[in-house]
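> quick one: sequence plus predicted model below, questions after.
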Amino acid sequence: MASIRTRFLPPTDNLGPRIRAWSSTGAKQMHRAAASPACVADHDAAARALAYRLRWSGELVRGDLSPDEGGYVYVFAHRERVAIPEP
């Protein structure tokens, strides 16, 4: 299954804040970002830009990564779902 991960990169002396997006296929993309890592819209835009560049289409679903990793993971919504039984 194809997926995209994003991560906020803080500003450096030479570059402003940005979002790094990379796919499960190894493709990478950088996207300019707001100064805050909490701006989900920037992560969404980076994931969309990479998917567009790879000519992937469909509906992306976003999920959080652990605070240590930061960022988000995006997968495509499919009809096949994994049911989780109630405890």
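Alright, I've got the coordinates. Residues are numbered from 1 along each chain as shown.

> identify the residues contacting A2.
By CB atoms under 8 Å, 6 or more residues apart in numbering, the residues touching A2 are 23-25, 56, 75-76. Where you see a C-beta, it was placed from the backbone N, CA and C, and this is true even at glycine.

> of those - the most surrounded one?
Taking other CB atoms under 10 Å as the neighbour criterion, S23 ranks highest of the contacts of A2 with 19 neighbours.

> quick one, what contacts S3?
Applying CB under 8 Å, 6+ apart to S3 gives the contacts 23-24, 73-75.

> of the contacts of A2, closest to H31?
For those, the residue nearest H31 by CB to CB is S23; the value is 13.5 Å.

> confidence score at the closest one?
pLDDT for S23: 93.

> okay, and the beta partners of it?
Counting by DSSP bridges, S23 forms beta bridges with I4.

> does it really touch Y52, like I thought?
No: using CB atoms under 8 Å, S23 is not in contact with Y52, being 11.8 Å away.

> mutual contacts of those two, please.
Common contacts of S23 and Y52 (CB under 8 Å, 6+ apart): none found.

> can you pull out the helices in the chain?
40-53 (DSSP state H).

> adding distance to R32, write the contacts of A2 out as JSON lines.
As requested, the contacts of A2 are arranged in JSON lines below (distance: CB to CB, whole Å):
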{"residue": "S23", "distance to R32": "19"}
{"residue": "S24", "distance to R32": "24"}
{"residue": "T25", "distance to R32": "23"}
{"residue": "W56", "distance to R32": "21"}
{"residue": "V75", "distance to R32": "24"}
{"residue": "F76", "distance to R32": "25"}
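
> out of those, the closest to A33 would be?
Of all the contacts of A2, A33 sits closest to S23, with 18.4 Å by CB to CB.
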